[in-house]
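Chemist: Got a sequence here, can you build the structure:
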Amino acid sequence: MTTSMAMSRRYLLAAGAGSLAVACAGATPLPSSAAAPGATHEEEMVRKWYAAWATKDWGSLDTLAADDFTFSSAAGDDHISKSAFKAQCWDTQNALIDRFDLQSVLGKGNEVFVKYVCWTKKGKVFRNVEHFTIKGDKIAALECYFGDQAGYPAAANKGNG
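Modeler: The predicted structure is shown next:
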């Protein structure tokens, strides 16, 4: 007899993030985009990525991303190119975003997971998890996993976070 169990993507993401945290053994999440003591080169690159969003600096993002950079998300972005990312994500979202509060930056080898709360200029908030793949001194790929805008984190949604 076989048993089948349906699992949500949210459950699988939570399980995967928990496994990564255990695998990173000792990585300390920091809530700022500033340089973190003991951070890996890969983690620092990712922090620079978010700092470029904060300063609205496409040139820095362009420099950090590999020429063959790809972006994927559940919004229909399936390994889109750097130029498509700029047109579909940067150009449309850049002016709307106020800041990212990085809650966790966890790297191991050439991979970095980031959990953040993003604040829009209109005071809305949402939480996402992003997975970066680094090759050498460039970000080769970014996968974005969208969080629930209405339900988490509740304090941030009320303007208290």
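Chemist: what sits against the closest residue to residue 81 other than its chain neighbours?
Modeler: Using CB to CB, 6 or more residues apart in numbering and skipping the chain neighbours, the partner closest in space to residue 81 is residue 70 (6.7 Å). No exception for glycine: its C-beta is placed from N, CA and C like everyone else's. Shown in contact with residue 70 (CB atoms under 8 Å, 6 or more residues apart in numbering): 79-82, 140-142.
Chemist: Then residue 72?
Modeler: Contacts of residue 72 (CB under 8 Å, 6+ apart): 78-80, 141-144.
Chemist: average pLDDT for the helix or strand hosting residue 42?
Modeler: Under the criterion of DSSP states H and E, residue 42 resides in helix 41-54. Averaged across helix 41-54, the pLDDT comes to 95.
Chemist: And for stretch 63-72?
Modeler: 97.
Chemist: for stretch 145-153, same thing?
Modeler: Mean predicted confidence for stretch 145-153 is 65.
Chemist: Helices of this protein, residue ranges please.
Modeler: Secondary structure of the chain (DSSP state H): helices located at 9-24, 41-54, 58-64, 82-85, 91-93, 154-157.
Chemist: Low-confidence ranges, the chain, go.
Modeler: For the chain, the stretches with pLDDT under 70 are 1-37, 148-161.
Chemist: rerun at 80
Modeler: Applying pLDDT under 80 to the chain flags residues 1-38, 148-161.
Chemist: Test my guess that residue 105 contacts residue 44.
Modeler: No - in this structure, residue 105 is not within contact of residue 44 by CB atoms under 8 Å, at 9.2 Å.
Chemist: okay, these two: which has more neighbours?
Modeler: residue 105 (27 against 15; other CB atoms under 10 Å).
Chemist: how near is that one to residue 95?
Modeler: 25 Å (CB to CB, to the nearest Å).
Chemist: cool, and residue 137?
Modeler: Taking CB to CB, one finds residue 137 at 29 Å from residue 95.
Chemist: What separation do you get for residue 106 and residue 113?
Modeler: Taken as CB to CB, the span from residue 106 to residue 113 is 5 Å.
Chemist: just residue 128 next, same as before
Modeler: Taking CB to CB, one finds residue 128 at 11 Å from residue 113.
Chemist: More neighbours: those two, which one.
Modeler: residue 113 (22 against 16).
Chemist: tell me the contacts of that one?
Modeler: So residue 113 contacts 17, 20, 104-107, 129-132 (CB under 8 Å, 6+ apart).
Chemist: Apart from its neighbours in sequence, what residue is nearest residue 128?
Modeler: residue 147 (5.2 Å).
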